[in-house]
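> next input, structure requested:
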Amino acid sequence: QVQLVESGGGLVQPGGSLRLSCGASGFTFSSYRMTWVRQAPGKGLEGVSDINGAGSTYYADSVKGRFTISRDNAKNTLYLQMNSLKPEDTALYYCARRKDGAYDYWGQGTQVTVSS
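Numbers count the residues shown, from 1 in each chain. Here you go, the predicted structure:
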């Protein structure tokens, strides 16, 4: 049974940092591209960043230079280091598994709120 469990969200001031984690189980983690997706209040889903099993990464323009995605295949864990956070980064952040170009499994999400 595939499970994805996010953690690490919270309330942070503008300019601050957070590190999100996503623990994966029930599949061969290293074989899949993994993605962080967010949904801001009243807005649609936005793909923030993803990484393949070998470490090749993609970032949305909105987070490039501020966020860093990484993975530890030995620990079956995906990370998102978020620096220089802005109020517009406020959202529910999900990790998702990608398969054949689609997101086939999602975690429950972790809330990130950037506010003074």
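> which residue comes closest to residue 80 once chain neighbours are left out?
residue 20 (4.3 Å; C-beta to C-beta, 6 or more residues apart in numbering). Heads up, the C-betas are built off the backbone N, CA and C, glycines and all.
> shouldn't that neighbour be within a helix?
No - read with DSSP: H, G, I helix; E, B strand; the rest coil, residue 20 is strand and lies in no helix.
> that one and residue 110 touch, don't they?
Yes - using C-beta atoms under 8 Å as the test, residue 20 is close enough to residue 110 to be in contact (6.1 Å).
> on that earlier part again, give the full set of residues in contact with the residue nearest to residue 80.
Residues near residue 20 by C-beta atoms under 8 Å, 6 or more residues apart in numbering: 6-9, 36, 79-80, 82, 93, 95, 110, 112.
> for residue 20 and residue 110, list the residues in contact with both.
6-9, 93.
> and those, which of them are buried?
6, 8-9, 93 (16 or more other C-beta atoms under 10 Å).
> which one of the contacts of residue 20 is nearest to residue 44?
Taking C-beta to C-beta as the measure, residue 93 is the one of the contacts of residue 20 closest to residue 44, at 14.4 Å.
> can you name the next helix or strand after the helix or strand where that closest one lies?
Using DSSP states H and E, residue 93 falls within strand 91-99. The element immediately downstream of strand 91-99 (helix or strand, assigned by DSSP H and E) is strand 102-106.
> can you report how many residues lie near residue 44?
For residue 44, the neighbour count with other C-beta atoms under 10 Å is 6.
> nearest the geometric middle of the protein, what residue?
What sits nearest the mean C-alpha location of the chain, by C-alpha atoms, centre = their mean, is residue 36, with 2.8 Å.
> skipping adjacent residues, who's closest to it in space?
residue 48 (4.5 Å).
> what residues are up against the one you found?
35-38, 59-60, 62-63, 67, 80, 93.
> secondary structure class of it, three-state.
strand.
> that one and residue 28, how far apart?
24 Å (C-beta to C-beta, to the nearest Å).
> since that was my last question, I'll sign off now.
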